[in-house]
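Q: kindly return the folded structure for what I paste below:
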Amino acid sequence: MDIILLQDVPNLGSKDDSLVVKSGYGRNYLIPQKLAILATPSAKKVLAENQKQRAHKEARLKDEALRLAEKLKTIVITIGAKTSSTGKIFGSVNNIQVAEALKEKGFDVDRRQITIKEDAIKEVGKHSAKVKFHREVVVDFEFEVVAE
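A: Numbering: from 1, shown residues only. The predicted structure is shown next:
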């Protein structure tokens with residue numbers, strides 16, 4: 001039985017895959033659970049059109065992510081933190097403060113897209129982080145933590 005998956009199914013395939021499965025599995029589980037539809041000629045045409053539109057949209061999003069990545073490489077980011085006399089930070093600097101500093105510079109980045117190389121930044125100085133703008137566009141950038 002030819003089917004087209006509507007959702008990711010563990011150990012079977014991902015969304016929009018066209019597969020051949022046993023008739024009972026398709027008829028009794030996948031189709032009633034709305035995980036798949038029959039791969040009729042009209043369903044295959046709709047799938048092809050959806051993939052074409054998704055590819056166009058994906059290319060546009062990737063181009064925008066590349067443009068943002070190039071801008072981010074030129075930006076200098078400084079984050080102020082309260083410190084002791086020895087240069088240790090009271091608390092730590094995390095991805096939330098980095099996201100706020102990026103927002104002040106004009107980058108609207110979600111904090112979950114930012115990964116700091118160290119677990120917690122507890123000292124003043126230069127540090128690095130990664131921003132994942134797109135699944136294929138990941139940018140390394142440096143920021144500086146200074147004493148307030």
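Q: can you report phi and psi for Gln53?
A: Backbone torsions for Gln53, taken as degrees, to the nearest 10, come to phi -70, psi -40.
Q: contacts only, for it.
A: With contact set as C-beta atoms under 8 Å, 6 or more residues apart in numbering, Gln53 has no partners. Bear in mind the C-beta positions are built from the backbone N, C-alpha and C, glycine included.
Q: any idea how far it lies from Val139?
A: For Gln53, the distance to Val139 (C-beta to C-beta, to the nearest Å) stands at 27 Å.
Q: same deal with Tyr25?
A: With C-beta to C-beta as the criterion, Tyr25 and Val139 are 43 Å apart.
Q: domains for this protein, by residue range?
A: 2-60, 66-147 (automatic domain parsing).
Q: what residue of this structure is the furthest out?
A: Largest separation from the mean C-alpha position in the chain: Ser85, at 38.8 Å (C-alpha atoms, centre = their mean).
Q: apart from its chain neighbours, what residue comes closest to Val9?
A: Leu35 (5.6 Å; C-beta to C-beta, 6 or more residues apart in numbering).
Q: show me where this structure has its strands.
A: Secondary structure of the chain by DSSP state E: the strands cover 2-5, 18-20, 36-38, 77-81, 88-93, 114-116, 121-123, 125-134, 137-147.
Q: turn these into CSV, columns for mean neighbour count, distance to Leu102 and mean pLDDT.
A: Shown next, in CSV, are the strands of the chain (neighbours: other C-beta atoms under 10 Å; distance: least, C-beta to C-beta, whole Å; pLDDT from 0 to 100):
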stretch, mean neighbour count, distance to Leu102, mean pLDDT
strand 2-5, 19, 37, 95
strand 18-20, 13, 41, 94
strand 36-38, 18, 41, 96
strand 77-81, 15, 7, 90
strand 88-93, 14, 13, 88
strand 114-116, 17, 8, 91
strand 121-123, 18, 15, 87
strand 125-134, 15, 8, 90
strand 137-147, 16, 9, 90
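Q: dump the residue contacts of Ser128.
A: Listed by C-beta under 8 Å, 6+ apart, the contact set of Ser128 reads 116-117, 140-143.
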